[in-house]
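S.K.: Using only what follows, build the 3D model:
(4 chains)
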Amino acid sequence: MFIDLLIMLVMAYGFGFLYYGLYRNISARVHGRFGPSLAQSFYDSIKLFTKDTSTDFGWMFFAGPIIMASGAILTVLFIPYFNHGERLVGLSPYGNLIVVLYFMVLGPLGNALGVGSHGNPFGAMGITRGLTRLLGLEMPFYIAVVGLMIANESADIGTIMANQAETYNIIAHPLLFIAAFISFLGFLGKSPFDVVGAPQEVYSGPAVEFGGKFLALALSQSAIFSFAKLLLMVDLFLGGADSLWDLILKTFVLFVASVFVGNVYGRFTTAQSVDFLLKVPTVIAIVGLLFV
Amino acid sequence: MKNLQKTYEVTQKVERLFEVTVTQTDFWEAVLYISTQTEFNTLSQIACADWIEEEHFLLTYILTTDARDKNLMLKLTLGREYESMPSVMTLFPQAEVMERDLHEMYGIGFEGNETLYDFVLEQWHDLPPLRREFDTLAFVHEHFAFKGGREDNKDVKVEQKRRREEAKKQKALEAAKQEAKKQETEKQETEKPKEPNTHATDAEETQDKKPDTKEAEDGQ
Amino acid sequence: MDSKLIKIFHGPQHPGITGNMSVELDLLGETIKYARTHVGYLHRGFEKLVERRTVIQAFTIVCRICVPEPDPNEENFARAVEGLAGIEISERAKYIRVMVQEMSRLAAQMLWMGGQSGSIGMGTVGQWSLFDRDLMLDLFEELTGGRVYHMYTYPGGVRRDLPEGFLLRLSELLDYLEKKLPKYDSIFFDNATFKKRAIGTGVVPKEEALKNGYVGQTLRGCGIRRDLRKDNPYLVYDKLDFDIPVFDGGDVYSRALVRRGEMRESIKILRQVIAQMPAEGAIMQKLPKHRKFTLPKEDIYVATESARGEFGYYMAGDGTEHIRRMQVKGPSLIHGFTLLEKMLIDEELSNVAMIMNSLGICPPEIER
Amino acid sequence: MQKGFVAYNNEQKSLEAETEGIKNSQTLIQKAMNWFSARSMFVVAYGTGCGAIEMPPVFTSRYDIERLGVVGVATPRQADIMIVSGYCSLKTLRRVIRTYEQMSEPKYVIALGSCTINGGMYWDSYNTIKKLEEYIGVDMYVAGCMPRPEALIEGFVKLQESIRNNTIQPGYVKYREDYAYYQANQEKLLGKETQPVYEEDYAGMNLS
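M.R.: Numbering: from 1, shown residues only, chains lettered A, B, ... in the order given. Coordinates of the predicted model:
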């Protein structure tokens, strides 16, 4: 059991950073350049762990990244990796989709606590933007998830996965998938919803005072968290994975789709993105809900 | 244009560039008249030149038309002793920043402009830097250190003069030396045959001199 | 003063600012209630340095006044000195100068496109356009020896003749750019997110535009057809056939469309220059030796249409080999203060970078 | 031989002698740390001068410095390297010092352009500093006006090599150990307030 959890975490960490490296490489090719090596993100995170920290804003500031990281870790532990498998199911038998959704919000809240204590206006602004955006993201995503719960008459991720043995939910409930995918883009923090850390506007937002080890922790948690979100999407809409290769393939396809969208579109303002999220995907999700 | 020629004496400088000169007391009247009654109704620059020999600033208001096809230079002279002008902000809002610039660079006051605080300089306690009496080279040598290898960092003209004089002196000295040597060798020749050592020292001396003259050329 | 306001300094070390300057903002939430521009981070005292140097020595430093497009500065300087010293330049030199101006305009617009798209988080456009700008810089390097600073437009003509086959390579690059520009349209100018953000943002009121002395795209973006190349033609612009693109929205999007049109017009002008340029002729007039190159005690004002608007030089000689006074007025001087401080009020913080980019504010020419 | 060049050569020799001693005294962990900090560099590109115009080409598709693990970040807190791109005016120097002190160690400085070395073209200007290493620790100079993008990349490669092999005494160590010297220089030029004062209130408004 414990070893299982450890493997899950290490896999999430590794795949998260690998995908981040891939993201940088694919964008580089879109830009017409060579791009960094695949392992560059690992180097970055290891280097950041060896750096000194020059800031001291009280213990609350230190607690922020830790709460963030624990939110991400708990999320990933409650999502099963494989379809009806014995191994790598983590804590998912003890929890369900609702618990996962709860833990997904924990990260940003922890971030808010930490960032609030350093008093940099850009950080506060970034957090405000993040929470505002979360409002827009959650609505369509929750409606889509509730739709799935109603369709499967269960809130257990394992059951939802098992029920997709014949047709994937992406085919059975395409509208729900579209709504969930749009808000998934936002959850990943890609364009056009990357308002939180926009360097041209709020100076990298919540991370403005994070340097060295805190930034490393923040990067690691974001890598783990991104992989957790990918997993959740795969579990809910693509029928989960039968084998490791299946897992890699499905998460990769989903990931590449999000990368291309992010590379082509610019950034909305906060108001525009919330407006968009509350209008387009929410309406799609509600229409999808009617078909369930 | 006709309106302008009726009231003021207009000279054409080059194609599409005209000039009107007024006195300091007439300035406000003139600028008011020109901006409202003639086609030159927009300000595009306030230029200022420091004529320290004649003890005045030459202020030039460059006005342009709506069609942007002609320019008018409205000139006036102003004393150098921190005098002030009426601000033209009420006529042209863009004058605010130009006047702020001139105030900082020359110390000219503009009555009616309330934004005459620091513009590009921060905590500046010296003379306004664009006045002719402000010596930037002296300021630089007082405040900054140069990296090694730039000891030749001096005013080019003074340095050239100094080097020329030095070279002249050197030449005279050498000529005197050679004269003395000649006399000596002449004396010695009468006694002994020539020594090779004297040639070697001569060659060294000329080599030593070379970089100096070359550097003076570089300094230009 | 309302104590709910947050004061932030947008810049000078900030990725969303066009160069080394800062805007002091008072925010209510993310809405700007008060804005003030601070400059001076780039002040080198050019006008003082010019006074200490001879005319020809000063020629090498004027191009440093505006980094993204140095050529309008050189052109202005050369034309002012020619005007004061009474030098007429040859037809061929005029054509070469027009060519340099338009090449520099194209390169500057490419750089602008990178900045504008970067300000709303579209990295891809910037990567492409900076690559294309670099191709132009390669041609500049071949022509003048310098990538960024050219020191080419010399009083009395131009410094060197064209290298062999240069016009051919230029027209090949123009072919390439003509093929590339529609791609920029589809990824940038017609992009849904850019339209959504840019339309209706940063509006310049048409009635105050002329009176307040705004220039360049700011004027043309609110429907006023003003361009020094047509209104007060210099060099051989009156012999060339080109249009001035005008859009009347007055917002960021209109200004972007104006620039988009100008890129095509620049290509058109360059094609005409290649076709019409006289093959023979002196590129340089005979000048007095540079220690004896004196200017009379006169003054003059010249102006050039740069990629962002009118660039004006006031120059006064004093009968010696030194220039008594050279005063520079770039387009950013008015745009960065009078216009920006007024325009940012009640805008969102997210739009600051976009508005500054669309006005083309370039701090080094404000403070010289 | 001229006086200045002799002094300069001596300075160079003393620098080289100093670094040879450090070279062999690093443990395996230090070696690994050095390797990683050479392989991954976060840059805060403070466009202090003209050099800022050659940074976009370096970071974009023509020269693509991301190949070497060099990435731009927005805030100095996250950065390892500061590029001082060109001359610093006095007003900028205050901000540069503040930015430099906000970075967490190990941190390095690349000074771009001749004007950071000895004033370059602006050697007689009253408002630009002539020698950056008097005020902050500098690790690598890239000469030229403007330096080509290739020169900047070469500077990065050289800096990475020297970090990996530990052949230089980093500027931040000098800055920490000789802080009194640097501070005296800063105060001589800038007065007591060597960092920007933001309480100054122009339009009569309070920050609170």
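S.K.: Only C-alpha atoms from now on, for both contacts and neighbour counts.
M.R.: Noted.
S.K.: what kind of secondary structure is the residue nearest to the spatial centre of chain B in?
M.R.: Centroid check for chain B by CA atoms, centre = their mean gives residue B:132 as the closest residue, at 7.1 Å. Under the three-state scheme (DSSP: H, G, I helix; E, B strand; the rest coil), residue B:132 adopts coil.
S.K.: Residue A:143 - how many residues pack around it?
M.R.: Residues near residue A:143, counting by other CA atoms under 10 Å in any protein chain shown, number 22.
S.K.: Now find how far off-centre the host helix or strand of it is within its chain.
M.R.: Using DSSP states H and E, residue A:143 maps to helix A:121-152. Between the centre of helix A:121-152 and the centre of its chain there are 11 Å (CA atoms, centre = their mean, to the nearest Å).
S.K.: Next one: that helix, is it in contact with chain D?
M.R.: No. Using CA under 8 Å from any CA of the partner chain, helix A:121-152 stays clear of chain D, coming no nearer than 10.8 Å.
S.K.: what comes up buried for that helix?
M.R.: Buried residues in helix A:121-152, counted by 16 or more other CA atoms under 10 Å in any protein chain shown: A:121-134, A:136-149, A:151-152.
S.K.: can you tell if it touches chain C?
M.R.: Yes. Shown here: helix A:121-152 in contact with chain C (CA under 8 Å from any CA) through A:121, A:125.
S.K.: can you give me the mean pLDDT across the first helix or strand past that helix going along the chain?
M.R.: Later in the chain than helix A:121-152, the nearest helix or strand by DSSP H and E is helix A:157-162. With pLDDT averaged residue by residue, helix A:157-162 scores 80.
S.K.: Convert the C-alpha atoms of helix A:157-162 to CSV, please.
M.R.: Coordinates of each C-alpha in helix A:157-162 appear next as CSV, following Å, rounded to 0.1, in the frame of the first residue of the first chain:
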residue,chain,number,x,y,z
ILE,A,157,-14.1,7.2,-10.0
GLY,A,158,-13.5,3.5,-10.3
THR,A,159,-17.1,2.8,-11.1
ILE,A,160,-17.2,5.6,-13.7
MET,A,161,-14.1,4.1,-15.3
ALA,A,162,-15.5,0.6,-15.3
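S.K.: where exactly do the helices run in the chain?
M.R.: Just going to use chain A. For chain A, helices defined by DSSP state H occupy the ranges A:2-31, A:40-49, A:59-77, A:97-116, A:121-152, A:157-162, A:169-172, A:174-188, A:199-202, A:213-237, A:244-264, A:270-291.
S.K.: that answer is for a different chain, and I need it for chain D
M.R.: D:3-22, D:28-39, D:55-59, D:90-102, D:115-118, D:149-165, D:171-177, D:179-190.
S.K.: Give me the buried positions along the last one.
M.R.: Think helix D:179-190. Result for helix D:179-190 [16+ other CA under 10 Å]: buried residues D:179, D:182-183, D:185-186, D:189-190.
S.K.: Would you mind listing where chain D has pLDDT under the threshold?
M.R.: D:1-26, D:197-208 (pLDDT under 70).
S.K.: Could you do chain B as well?
M.R.: For chain B (pLDDT under 70), the answer is B:148-155, B:189-220.
S.K.: hmm, try it at 90
M.R.: B:1-163, B:177-220 (pLDDT under 90).
S.K.: Would you map out the domains in it?
M.R.: B:2-143, B:156-219 (automatic domain parsing).
S.K.: coming back round to it: can I get the buried residues of helix D:179-190 in a markdown table with distance to residue C:42?
M.R.: Below are these laid out as a markdown table (distance: CA to CA, whole Å):
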| residue | distance to residue C:42 |
| --- | --- |
| D:179 | 27 |
| D:182 | 23 |
| D:183 | 23 |
| D:185 | 21 |
| D:186 | 19 |
| D:189 | 17 |
| D:190 | 16 |
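S.K.: how close does the nearest residue in space to residue D:160 that is not next to it in sequence get to chain B?
M.R.: In this structure, residue D:160 finds its nearest non-sequential neighbour in residue D:38, 4.8 Å apart by CA to CA, 6 or more residues apart in numbering or on different chains. Residue D:38 sits at a distance of 28 Å from chain B (criterion: CA to the nearest CA, to the nearest Å).
S.K.: How about the spatially closest residue to residue D:83 that is not a sequence neighbour: which residues does it bridge to?
M.R.: Excluding the flanking residues, the one nearest residue D:83 by CA to CA, 6+ apart is residue D:110, at 4.8 Å. Note on residue D:110: beta-bridge partners residue D:83, residue D:140, judged by DSSP bridges.
S.K.: who's in contact with residue D:110?
M.R.: Neighbouring residues of residue D:110 by CA atoms under 8 Å, 6 or more residues apart in numbering or on different chains: D:81-84, D:138-142, D:155.
S.K.: From chain B, how far off is it?
M.R.: 17 Å.
S.K.: Okay, and residue B:75 sits in which element?
M.R.: Using DSSP H and E, residue B:75 falls in strand B:71-79.
S.K.: For the residue nearest to the centre of chain B, which residues are in contact?
M.R.: Per CA under 8 Å, 6+ apart, neighbours of residue B:132: B:50, B:52.
S.K.: Need phi/psi at it.
M.R.: The phi and psi torsions at residue B:132 (degrees, to the nearest 10) take the values phi -60, psi -30.
S.K.: picking up where we left off before, highest mean neighbour count out of the helices of chain D?
M.R.: Sort the helices of chain D by mean neighbour count, taking mean count of other CA atoms under 10 Å in any protein chain shown, and helix D:115-118 sits at the top with a mean of 25.
S.K.: And chain B, is that helix touching that?
M.R.: Yes. Applying CA under 8 Å from any CA, one finds helix D:115-118 touching chain B at D:117-118.
S.K.: tell me the contacts of residue 135?
M.R.: I'll assume chain A. residue A:274 are the contacts of residue A:135 under CA under 8 Å, 6+ apart.
S.K.: Switch to chain D, please.
M.R.: D:97, D:182-183, D:185-186.
S.K.: and which of those is nearest residue D:168?
M.R.: The nearest member of the contacts of residue D:135 to residue D:168, counting by CA to CA, is residue D:182 at 19.0 Å.
S.K.: State the distance from the closest one to residue D:141.
M.R.: Plainly put, residue D:182 is 18 Å away from residue D:141 if you go by CA to CA, to the nearest Å.
S.K.: Am I right that residue C:315 falls within a strand?
M.R.: Yes. Inclusion of residue C:315 in a strand is indicated when three-state DSSP is applied.
S.K.: Is the closest residue to it other than its chain neighbours within a helix or a strand, and which one?
M.R.: Nearest residue to residue C:315 in three dimensions, chain neighbours excluded: residue C:326, at 4.4 Å (CA to CA, 6+ apart). Element membership of residue C:326, judged by DSSP H and E, is strand C:323-329.
S.K.: mean confidence for that strand?
M.R.: pLDDT averaged over strand C:323-329 gives 87.
S.K.: wait, doesn't residue B:92 sit right on residue B:42?
M.R.: Yes. Residue B:92 lies in contact with residue B:42 (CA atoms under 8 Å); the separation is 7.0 Å.
S.K.: Between these two, which contacts overlap?
M.R.: C:211-212.
S.K.: Would you mind pulling the contact partners of the helix or strand of chain A with the lowest mean pLDDT?
M.R.: Least confident helix or strand of chain A, by mean pLDDT, DSSP states H and E, is helix A:199-202 with a mean of 75. Here helix A:199-202 makes contact (CA under 8 Å, 6+ apart) with A:122-123, A:125-126, A:196, A:205, C:14-17, C:118-121, C:349-353, D:74.
S.K.: how about the helices of the stretch 201-350 of chain C, start to end?
M.R.: Ranges of helices in the stretch 201-350 of chain C, per DSSP state H, counting those that start in this stretch, are C:206-209, C:217-220, C:228-231, C:252-276, C:332-334, C:340-343.
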